[in-house]
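In: curious how this folds, go ahead:
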Amino acid sequence: MSFLALEALAKIMLDKDAPAPVKLAAAREVMDRGYGRPKVGCEFDAPEGLTVIVKRFSEVTPEDEAEADATEAAL
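Out: Numbering: from 1, shown residues only. As a prediction, this is how the structure comes out:
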């Protein structure tokens with residue numbers, strides 16, 4: 001994106017009189033070009049789906065932590 005286009009979007013975002021949807025659209029354009037759009041979908045294939053187990057911190061055992069560490073290391 002050229003510097004002039006980025007500057008124009010910044011002016012729109014900072015304009016007190018610009019409607020909120022216009023400011024939001026300008027901010028999205030800046031973020032999409034500066035940081036890239038977020039990727040949609042999974043980066044890995046889970047043959048049987050994905051299971052998420054939510055536990056309170058007080059319920060997590062050392063074995064749970066070791067299993068999580070091993071799973072993260074495998075990715």
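
In: how many neighbours does residue 63 have?
Out: The number of residues packed near residue 63 is 8, by other CB atoms under 10 Å. C-beta: built from backbone N, CA, C; applies to glycine.

In: how close does it get to residue 11?
Out: 56 Å (CB to CB, to the nearest Å).

In: again, but for residue 48
Out: In terms of CB to CB, residue 48 sits 51 Å off from residue 11.

In: comparing these two, which shows the higher neighbour count?
Out: Using other CB under 10 Å, the more surrounded residue of residue 48 and residue 11 is residue 11, with 11 against 5.

In: check which helices and strands the helix or strand hosting that one is in contact with.
Out: Under the criterion of DSSP states H and E, residue 11 resides in helix 3-14. Counting by 3 or more CB pairs under 8 Å, 6 or more residues apart in numbering; DSSP states H and E, the packing neighbours recorded for helix 3-14 are helix 20-35.

In: okay, the next helix-or-strand element following the helix it packs on in PDB with CA atoms only?
Out: Once the chain leaves helix 20-35, the next helix or strand it forms, by DSSP H and E, is helix 62-74. The C-alpha trace of helix 62-74 is given here as PDB (Å, rounded to 0.1, in the frame of the first residue of the first chain):
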ATOM      1  CA  PRO A  62       1.300 -32.700  37.000                       C
ATOM      2  CA  GLU A  63       0.300 -35.500  34.600                       C
ATOM      3  CA  ASP A  64      -2.000 -33.200  32.800                       C
ATOM      4  CA  GLU A  65       0.800 -30.600  32.400                       C
ATOM      5  CA  ALA A  66       3.200 -33.300  31.100                       C
ATOM      6  CA  GLU A  67       0.700 -34.500  28.600                       C
ATOM      7  CA  ALA A  68       0.000 -31.000  27.400                       C
ATOM      8  CA  ASP A  69       3.800 -30.300  27.100                       C
ATOM      9  CA  ALA A  70       4.300 -33.500  25.100                       C
ATOM     10  CA  THR A  71       1.400 -32.600  22.700                       C
ATOM     11  CA  GLU A  72       2.800 -29.100  22.100                       C
ATOM     12  CA  ALA A  73       6.300 -30.400  21.500                       C
ATOM     13  CA  ALA A  74       4.900 -32.800  18.800                       C
END
